[in-house]
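[1] can't give you the sequence, but here's the structure:
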């Protein structure tokens, strides 16, 4: 009898989790789509792994939703279509064009790339990373017919450590410069190295951005703060850990169930 009750509770719990998770979406985020060269391993996912991830989601009949639309739905309290997700790339690495872009097009998926304007067309490294080439203006223009581009500031600096006028300049100038390149309005922002505070968040909103991505882990729904969007860093197996899998347990359960 106890065993039957336990089984019933487990089944009920699964049904409840499935119902809850089916009403949520997720935002994936990546940096380099390439083999690991050095520095933080989590900043790399191989092109093979990336394609297997996209192929799996496509097989499970998930579709991408433009991040702008996802944010609009959250802000206007409109339902998020089921089995939809968004994809983002931080920093604008050259391999986003050479490796990720063809794969995304192959599966009919779109994405948002966050650019640090002063890094466009250069080869450089950040803290705990190795040198990598960044997208140039020609590649950005080509990709903008299929992808959207958001701001990652001018210099990829920590906004929380800047004076207000410096932070505001980083936010407004980068937005204008990206608009010049793509010819499209820039509606989204991503906090460099995930650092922000209430003052920075208020500045992002004041500058005219509709939403901003964080590095917090989690799913999104109608109650999500559009200026603190959580995302899923879907790492390769060699860069993952038990702790990482546990933090993303609801994401993995959602895509395993295909809801």
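    Sure thing, it's come through. In this text the structure is predicted, and so the values were computed from the model without any measurement.
[2] surely residue 259 and residue 83 touch.
    Yes: taking Cβ atoms under 8 Å as the definition, residue 259 is a contact partner of residue 83 at 7.2 Å. No exception for glycine: its C-beta is placed from N, CA and C like everyone else's.
[3] helices or strands next to the helix or strand that contains residue 69 in the packing?
    Residue 69 is part of helix 67-75 when elements are defined by DSSP states H and E. The helices and strands touching helix 67-75, judged by 3 or more Cβ pairs under 8 Å, 6 or more residues apart in numbering; DSSP states H and E, are strand 84-90, strand 148-151, strand 188-190, strand 211-217.
[4] of those, which is nearest residue 99?
    For the helices and strands packed on helix 67-75, proximity to residue 99 was assessed by Cβ to Cβ; strand 84-90 is nearest, at 10.7 Å.
[5] if we can go back for a sec, tell me the most buried of the helices and strands packed on helix 67-75?
    The highest mean neighbour count among those, using mean count of other Cβ atoms under 10 Å, belongs to strand 188-190: a mean of 28.
[6] any low-confidence regions in this structure?
    Residue ranges of the chain with pLDDT under 70: 1-18.
[7] where do the strands of it begin and end?
    26-30, 32-33, 44-45, 63-64, 84-90, 112-115, 123-124, 132-133, 148-151, 188-190, 211-217, 229-231 (DSSP state E).
[8] just put those in TSV and tack on distance to residue 237.
    Output for the strands of the chain, formatted as TSV (distance: least, Cβ to Cβ, whole Å):
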stretch	distance to residue 237
strand 26-30	15
strand 32-33	16
strand 44-45	10
strand 63-64	23
strand 84-90	20
strand 112-115	25
strand 123-124	28
strand 132-133	22
strand 148-151	29
strand 188-190	26
strand 211-217	18
strand 229-231	19
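[9] so for residue 52, which of those strands sits nearest?
    That would be strand 44-45 among these, by Cβ to Cβ, at 9.9 Å.
[10] packing partners of that closest one?
    Packed next to strand 44-45, using 3+ Cβ pairs under 8 Å, 6+ apart, are strand 32-33.
[11] just checking: what are the partner strands of the strand it packs on?
    Partners of strand 32-33 in the sheet, by DSSP bridges, are strand 44-45 (parallel).
[12] just the helices in the protein please.
    Using DSSP state H, the helices of the chain run over 2-22, 47-59, 67-75, 95, 101-106, 137-143, 164-182, 198-207, 242-247, 249-257.
[13] deepest of the ones you listed, which one?
    Comparing the helices of the chain by mean neighbour count (mean count of other Cβ under 10 Å), helix 95 ranks first with a mean of 22.
[14] residues in contact with it?
    The contact list for helix 95 (Cβ atoms under 8 Å, 6 or more residues apart in numbering) reads 32-34, 47, 132-133.
[15] any of those buried? List them.
    The neighbour count (16 or more other Cβ atoms under 10 Å) marks 32-34, 47, 132-133 as buried among those.
[16] ok, which pair from the residues you listed is furthest apart?
    Top of the distance list for the buried ones among the contacts of helix 95 (Cβ to Cβ): 47 and 133, 15.3 Å.
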